[in-house]
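In: pasting the structure only:
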């Protein structure tokens with residue numbers, strides 16, 4: 001399996017049952033969705049585990065902050081709006097060529113920005129995560145200006161960034 005790292009996705013067995021059990025016994029609060037891995041990977045289009053999980057989170061009175069690289073998040077727009085969840089999208093650059101090298105297999109960055117625009121128009125609080133910012137790759141003033149401008153034009157209320165940190 002180690003040789004194929006990044007080339008496969010496994011759905012978590014019993015995810016919804018475990019989530020339901022956790023939601024029953026935890027105090028209400030904010031749940032970060034997509035903090036470790038993208039909740040809207042291609043397999044999600046078929047399985048709809050994230051969509052079901054968001055409806056459970058809503059039903060138990062929790063809030064959610066969703067981070068993704070995928071416009072598939074729009075599929076769950078009705079739940080997101082109704083529940084008052086916020087959505088952030090990760091972008092490293094709007095240059096499709098550079099993005100395809102940095103994020104192979106990820107949806108095009110312009111499609112992600114369009115998803116933010118649509119969610120913002122629906123009244124969803126949206127934000128952009130710009131990162132990692134890599135010296136000499138996506139840290140020049142023009143690239144930064146384009147990414148920040150796209151976030152503002154899409155209606156994002158917040159922008160987070162992260163510099164590449166090689167230790």
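Out: Yes, it's here. Everything quoted here is computed from the prediction, not taken from an experiment. Residues are numbered from 1 along each chain as shown.

In: please report phi then psi for the most centrally placed residue in the chain.
Out: Ranked by distance to the mean C-alpha position of the chain (CA atoms, centre = their mean), the top residue is residue 68 at 1.4 Å. Here is the backbone geometry of residue 68 (degrees, to the nearest 10): phi -150, psi 170.

In: show me where the chain has strands.
Out: For the chain, the strands defined by DSSP state E occupy 30-33, 63-68, 86-91, 126-133, 158-163.

In: got those strands as CSV, with distance to residue 44 columns?
Out: Yep, even glycine has a C-beta here, placed from its N, CA and C like the rest. CSV is the format used below for the strands of the chain (distance: least, CB to CB, whole Å):
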stretch, distance to residue 44
strand 30-33, 12
strand 63-68, 9
strand 86-91, 15
strand 126-133, 19
strand 158-163, 23
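
In: highest average neighbour count across those?
Out: strand 86-91 (a mean of 24; mean count of other CB atoms under 10 Å).

In: any idea how far that one is from the chain center?
Out: 5 Å (CA atoms, centre = their mean, to the nearest Å).

In: with stretch 136-149 instead?
Out: 20 Å.

In: list of residues touching that stretch?
Out: Applying CB atoms under 8 Å, 6 or more residues apart in numbering, the contact partners of stretch 136-149 are 91, 92, 93, 94, 95, 98, 102, 128, 130, 133, 159.

In: residue 14: which of the strands of the chain is closest?
Out: strand 30-33 (17.5 Å; CB to CB).

In: any weak-confidence spans in this protein?
Out: Across the chain, residues meeting the criterion (pLDDT under 70) sit at 1-7.

In: the helices in it, which residues?
Out: Here the chain has its helices, by DSSP state H, at 15-25, 44-47, 49-59, 77-83, 96-102, 109-121, 141-153.

In: got the buried residues for the third one?
Out: For helix 49-59, the neighbour count (16 or more other CB atoms under 10 Å) marks 49, 50, 51, 53, 54, 55, 56, 57, 58 as buried.

In: same check on the shortest one?
Out: If you call a residue buried by 16+ other CB under 10 Å, then helix 44-47 has these buried ones: residue 44.

In: can I get the helices of the chain in TSV including distance to residue 32?
Out: Formatted as TSV, these follow (distance: least, CB to CB, whole Å):
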stretch	distance to residue 32
helix 15-25	13
helix 44-47	17
helix 49-59	11
helix 77-83	14
helix 96-102	23
helix 109-121	17
helix 141-153	20
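
In: and residue 166, which of those is closest to it?
Out: Between residue 166 and these, the shortest gap by CB to CB is with helix 96-102, which sits at 14.9 Å.
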